[in-house]
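K.L.:
Test case, fold it:
(chains A, B, C and D)
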Number of protein chains: 2
Amino acid sequence: MGTDAAVSRRGRPPNPQVRARIIGAALELFAEQGYDATSVSQVVVRAGVTKGALYHYFAAKQDLLYEIYRGLLDQQLADLDRIAAEEPDPSRALRAVIHDLVVTTIRHRREVVVFGRESTRLSPERWQALQRDWRRYQDVVRMLIREAQRRGLANTAASPEVVSWMIFGFTTSLPNWYRADGPREPSDIAEEAGEFVLAALRTTHTEGIRTP
Amino acid sequence: MGTDAAVSRRGRPPNPQVRARIIGAALELFAEQGYDATSVSQVVVRAGVTKGALYHYFAAKQDLLYEIYRGLLDQQLADLDRIAAEEPDPSRALRAVIHDLVVTTIRHRREVVVFGRESTRLSPERWQALQRDWRRYQDVVRMLIREAQRRGLANTAASPEVVSWMIFGFTTSLPNWYRADGPREPSDIAEEAGEFVLAALRTTHTEGIRTP
DNA sequence: GGTTACATACCGGCTGGTCGGTATTGACGC
DNA sequence: GCGTCAATACCGACCAGCCGGTATGTAACC
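P.N.:
Residues are numbered from 1 along each chain as shown, chains lettered A, B, ... in the order given. Sure, this is the predicted structure:
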């Protein structure tokens, strides 16, 4: 099962740098201009390679999209599993997950913005593959919310669905407004976001009349 | 000033239905396939008109994008001003704004998803025009948050910026997961979202140690 | 020497946009 | 109320250009 890195193959060995440069150029251009507005000619020019090289490593343009997001999602899922395994307290786990999600989203904001915009351009199979993993992420987060509500958090009127979408909506919109040259550090924003959600879950639900 | 509906012009009068059908078809197709992936030919076919008609009413394809979002933004801004004028209590005003934002976003989710994806395809001038108005919306919301914090809400550790982006991130991501055939009514979701944000602002900030 | 890693020239198809033409209308003189 | 004129509303064939993808060739490596 694992990667077959040890098998010695015939012929000229592939150059990993070429492949990486292509994906890097595609990521930049897709983020700047959008997927459809970016031509493969532009990609190969920025990558400093030729069309032949691109179509040697990738069967079609849309494969670039898949590769771009696959790595980030895998990392975030690994983080999720690690946190869920290490932290038995659901409130603390939820806070840690939010923190990780915010920080990794900011770090890879180009991947996030490209995938958020262009995920529909993927083939159905690949879309479903990513969707399935992303769905698992959602389910774990909602489970954490439910568990935290069962184990002490007071605000049981907040549905895990809406709360989770508050979290995911916040993160996916992060690339739109986060500025790297701004005054706030990613972990700072991550901490505040986590505290905000936990604060909302802590409060008891008060109906209409007494608004403040 | 005002609309010059009374001026009688020469020549055959325009057909508002044609214009509306073109925009409607463009909205549908842009939402389904994306802006770049939708050809002008597809638009005119679905609208049941010809290319000549489209380019008679619109100078370029990107004008369709502008028209699609302009109407929604104007309505949301009008709602915002009305709420801000009628409701002196900032907490109640904030809750009302969130409610309106959620409901109108769900009602016009196709416009929201198209604009969120394709706003960069607009010309710089038009992008700035929409951006300016949208910025005003943000500023009012943040002002309401600040004012609510000054007038009694306890959680002053939540920055208006992060709170506002929690709200806007939630609404802009609504089209991704809201299902019209689902069990929840839009106003139901809107109420819960408002209550969630207000609950978070109500809670006093508790540092690290006592997580639940 | 067989296999892989690229390079380059090339292609059919479709795109956004144009442009000359025609049909339809209101304004206006009478 | 009616013909005339000019302005507008649309029609649809047409275009240059670029697009994603391919076919063929050559050089590098095991």
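K.L.:
hang on, isn't A:Leu80 packed against A:Val140?
P.N.:
Yes - between A:Leu80 and A:Val140 a contact is recorded at 5.8 Å, counting by C-beta atoms under 8 Å. Bear in mind the C-beta positions are built from the backbone N, C-alpha and C, glycine included.
K.L.:
Could you name every residue contacting both of those two?
P.N.:
A:Val97 (C-beta atoms under 8 Å, 6 or more residues apart in numbering or on different chains).
K.L.:
where's the nearest residue to A:Val163 once chain neighbours are set aside relative to DNA strand C, distance?
P.N.:
Leaving aside its chain neighbours, A:Val163 sits nearest to A:Ile145 (5.3 Å; criterion: C-beta to C-beta, 6 or more residues apart in numbering or on different chains). Counting by C-beta to the nearest atom of the strand, to the nearest Å, the gap from A:Ile145 to DNA strand C is 43 Å.
K.L.:
A:Arg184 too?
P.N.:
Applying C-beta to the nearest atom of the strand, the value for A:Arg184 to DNA strand C is 40 Å.
K.L.:
and that residue, what pLDDT?
P.N.:
A:Arg184 carries a pLDDT value of 95.
K.L.:
That one: neighbouring residues, count only.
P.N.:
13 (other C-beta atoms under 10 Å in any protein chain shown).
K.L.:
ok, it to DNA strand D distance?
P.N.:
37 Å.
K.L.:
about what we covered before: helix or strand: which one has the residue nearest to A:Val163?
P.N.:
Using DSSP states H and E, A:Ile145 falls within helix A:124-150.
K.L.:
What is the helix or strand following that helix packed up against?
P.N.:
Tracing the chain past helix A:124-150, the next element assigned as helix or strand by DSSP H and E is helix A:160-177. Judged by 3 or more C-beta pairs under 8 Å, 6 or more residues apart in numbering or on different chains; DSSP states H and E, helix A:160-177 is in contact with helix A:90-107, helix A:109-118, helix A:124-150, helix A:186-202, helix B:160-177, helix B:186-202.
K.L.:
Compute the inter-axis angle for the fifth one and helix B:124-150.
P.N.:
Using axes from the mean of the first three to the mean of the last three C-alpha atoms, to 10 degrees, the interaxial angle of helix B:160-177 with respect to helix B:124-150 works out to 120 degrees.
K.L.:
Now helix B:160-177 - C-alpha only, CSV.
P.N.:
Output of helix B:160-177 as CSV, limited to C-alpha atoms (Å, rounded to 0.1, in the frame of the first residue of the first chain):
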residue,chain,number,x,y,z
PRO,B,160,-16.3,44.3,15.8
GLU,B,161,-14.2,43.2,12.9
VAL,B,162,-14.2,39.5,13.7
VAL,B,163,-17.8,39.5,14.8
SER,B,164,-18.9,41.2,11.6
TRP,B,165,-17.0,38.7,9.5
MET,B,166,-18.6,35.9,11.5
ILE,B,167,-22.0,37.4,10.4
PHE,B,168,-21.0,38.1,6.8
GLY,B,169,-19.2,34.8,6.4
PHE,B,170,-22.2,33.0,7.6
THR,B,171,-24.5,34.7,5.2
THR,B,172,-22.3,34.5,2.1
SER,B,173,-21.9,30.8,2.8
LEU,B,174,-25.6,30.3,3.2
PRO,B,175,-26.2,29.4,-0.5
ASN,B,176,-23.8,26.5,-0.1
TRP,B,177,-25.8,24.6,2.4
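K.L.:
Over to the residue in chain A that DNA strand D sits nearest to: give its phi and psi.
P.N.:
With C-beta to the nearest atom of the strand, the shortest gap between chain A and DNA strand D falls at A:Ser39, namely 3.1 Å. Dihedral pair for A:Ser39: phi -90, psi 160, per degrees, to the nearest 10.
K.L.:
Quick one, grab the pLDDT at it.
P.N.:
98.
K.L.:
Count the neighbours of it for me.
P.N.:
Using other C-beta under 10 Å, A:Ser39 has 12 other residues around it.
K.L.:
The residue nearest to A:Val163 against A:Val162, yeah?
P.N.:
No - using C-beta under 8 Å, A:Ile145 is not in contact with A:Val162, being 9.8 Å away.
K.L.:
okay, those two: which has more neighbours?
P.N.:
A:Ile145 (24 against 21).
K.L.:
gap between that one and A:Leu153?
P.N.:
Distance of A:Ile145 to A:Leu153, given as C-beta to C-beta, to the nearest Å: 9 Å.
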